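> coords please:
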Amino acid sequence: MSNVRIPPAVLQTPGFAHYSLAWSPFHTNRIALASSANFGLVGNGRLHLVSLNSGPGGIALNTDKYYETQDGLYDVAWSEVHENQLVTASGDGSVRLWDVMLNDHPIRAWTEHTREVFSVDWSNIQKDQFISSSWDGNVKLWTPDRPRSLLTLKAHQSCVYQALFSPHHPSIIATSSTDGTIRLFDLRSPSYAPSLPSSNSSFTNPLSAAVLTIPASGSEILTIDWNKYRPWTLASAGVDKMIKVWDCRMAQEEGGPGKVGGVCETHLPGHEYAVRKVQWSPHSADVLASASYDMTCRVWNTSPAAGRMQLMHIHDPHTEFVVGCAWSIYEEGVLASCSWDSKLNVFRI
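Numbering: from 1, shown residues only. Predicted structure coming up:
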């Protein structure tokens, strides 16, 4: 484990607890930050646009702009086709599309979900599509130009904490839920074909057939992430404090399509409370970051050399739950974390 302590660059936004952050895929120095008043329990939200500026004293963080919302924001994702657009997930059940060149209101809002929207993810392959997941158990597929969702997946019977496109296969979506399972959906199935503009079938009749269900935990799975280099590898974590790495390809071979399976490659114990976020490094197949209610952000090596520890680094300046972390896309070793202490930290491992 690293003993080198490099002071992080810190941005504080008083009155707003942070839930999620995302680095821009177009600009090396731009971060979007989804925040909520009163820890997201009640009150309004705010979308912050943050820039990083390097100088003699290191990295400085500045708030370039922010947008107020009527309810708390839980997640944010940048567009993969438009450098100035991004979507947010809100506690009022809405999904909103923003343009950072405009000063006030979102350019589109969708309100199909019936409960809090907890995650949004933009496809990095099918770049005109993104998905949302909600406490209503549904995952919805969207495109910015349509007033309604393209289709609805009844992914779980309970809250879907996260839904993510595979970075390798544009038709594969993974979900995690309060029911302790990870589920994979394949949109190439004929039943998932997006409806015609005149059809309301996918809007009124959610689809629910997962191609694979992994019983990942006896408690809630709060977060998942696809490995960027190994196409069928997923990391998961949640209330049981354990980070697990899964080979979904082996699970498919073992269980077959539509079956229950699961091959866990690695267990990463160490967090003292629930793990709220995991994210694989975009620069290394074996490096994983995690954020936890134990107020730390940690970095792991899932395949350490003989005699080396899996735990590489502990980042612990936060004074409240750390609920978000994300690697810089362009600069290797740079990680950002956000917390209920209203602070965004950017630091180098």
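
> Give the residue spans of this structure that score low on pLDDT.
For the chain, residues meeting the criterion pLDDT under 70 lie at 1-6, 55-57, 190-205, 250-260, 262.

> just the helices in this structure please.
201-204, 248-255 (DSSP state H).

> contacting residues around residue 124?
By CB atoms under 8 Å, 6 or more residues apart in numbering, the contact set of residue 124 is 25, 80, 165, 167. (Each C-beta comes from the backbone N, C-alpha and C, glycine too.)

> out of those residues, who has the most neighbours?
Neighbour counts for the contacts of residue 124 peak at residue 165, which has 23 neighbours (criterion: other CB atoms under 10 Å).

> Could you verify my assumption that it touches residue 175?
No: Residue 165 is beyond contact range of residue 175, at 11.0 Å (criterion: CB atoms under 8 Å).

> before we move on, back to that, farthest-apart pair in the contacts of residue 124, please.
The most widely separated members of these are 25 and 165, with 13.5 Å between them, by CB to CB.

> any idea how far residue 94 is from residue 87?
10 Å (CB to CB, to the nearest Å).

> Kindly apply the preceding question to residue 88 instead.
Using CB to CB, one gets 8 Å for the distance from residue 88 to residue 94.

> Between these two, tell me which one has more neighbours.
Remark: of residue 88 and residue 94, residue 88 carries more neighbours, 26 against 21, as counted by other CB under 10 Å.

> Wait, the more buried one touches residue 47, no?
Yes: Residue 88 lies in contact with residue 47 (CB under 8 Å); the separation is 5.8 Å.

> Pull up the overlap in contacts between those two.
Joint contacts of residue 88 and residue 47 (CB under 8 Å, 6+ apart) are 34, 69, 73, 76, 98.

> Dump those residues to TSV, plus distance to residue 249 and neighbour count.
Below are these laid out as TSV (distance: CB to CB, whole Å; neighbours: other CB atoms under 10 Å):
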residue	distance to residue 249	neighbour count
34	33	29
69	40	22
73	35	30
76	31	24
98	37	23
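
> so which of these comes closest to residue 269?
residue 34 (29.1 Å).

> how many neighbours does residue 240 have?
For residue 240, the neighbour count with other CB under 10 Å is 19.

> Repeat that for residue 284.
If we define neighbours as other CB under 10 Å, then residue 284 has 17 of them.

> quick one: it from residue 245, how far?
Distance, residue 284 to residue 245, using CB to CB: 14 Å.

> ok, now residue 9?
On the measure of CB to CB, residue 9 and residue 245 end up 30 Å apart.

> the more surrounded of the two?
Between residue 9 and residue 245, counted using other CB under 10 Å, residue 245 has the larger neighbour count: 23 against 20.

> Enumerate every residue touching the more buried one.
Contacts of residue 245 (CB under 8 Å, 6+ apart): 233, 234, 235, 264, 265, 266, 268, 288, 302.
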